[in-house]
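[1] Build me a structure from this.
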Amino acid sequence: MKKFSDFAEEENEIIEGDKIKITEILNQEITVTEYRMLDSKFNNANSECLQLQFQLNEEKRVIFTGSKVLIKQIEKYSDKIPFLTTIKQINKYYSFT
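    Numbering: from 1, shown residues only. As a prediction, this is how the structure comes out:
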């Protein structure tokens with residue numbers, strides 16, 4: 001008998017870490033370790049959702065955001081992962097700095 005794991009091909013692997021709100025990590029240095037793009041569960045203009053895995057105080061954490069700026073930045077610089085960064089709120093949007 002075949003095992004499911006022998007033939008299953010998952011597009012997106014599960015990203016480990018306890019989920020926290022983005023506001024809990026603003027202005028703190030984090031190490032971005034992994035990300036994946038998901039379809040947003042909210043019906044709004046932005047249908048993409050960024051799932052971002054990072055380390056904070058040596059613990060794996062995850063945030064989910066529809067921030068277009070963060071999505072654009074992570075896609076542009078994904079080849080640099082892992083990297084240190086700080087997420088800042090600038091007016092009404094979030095940005096890696």
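[2] So which bits of stretch 89-97 are buried?
    Using 16 or more other Cβ atoms under 10 Å as the test for burial, stretch 89-97 gives 94-96. Yep, even glycine has a C-beta here, placed from its N, CA and C like the rest.
[3] what about that stretch, start to end distance?
    Its start and end residues considered, stretch 89-97 measures 10 Å (Cα to Cα, to the nearest Å).
[4] Measure how far that stretch is from the centre of its chain, please.
    Computed by Cα atoms, centre = their mean, to the nearest Å, the chain-centroid distance of stretch 89-97 equals 15 Å.
[5] Stretch 78-95 now?
    Relative to its parent chain, stretch 78-95 has a centroid offset of 10 Å by Cα atoms, centre = their mean.
[6] Just the mean pLDDT for it, thanks.
    Mean pLDDT, stretch 78-95: 96.
[7] Can you get me the start-to-end distance on it?
    The first residue of stretch 78-95 is 15 Å away from its last residue (Cα to Cα).
[8] ok, residues contacting it?
    The contact list for stretch 78-95 (Cβ atoms under 8 Å, 6 or more residues apart in numbering) reads 22, 25-35, 65, 67-70, 73, 77, 96-97.
[9] Beyond the longest strand seen in the chain, next helix or strand please.
    Ranked by number of residues, the top strand in the chain under DSSP state E is strand 29-39. For strand 29-39, the following helix or strand on the C-terminal side (DSSP states H and E) is strand 48-56.
[10] Thanks a lot, catch you later.
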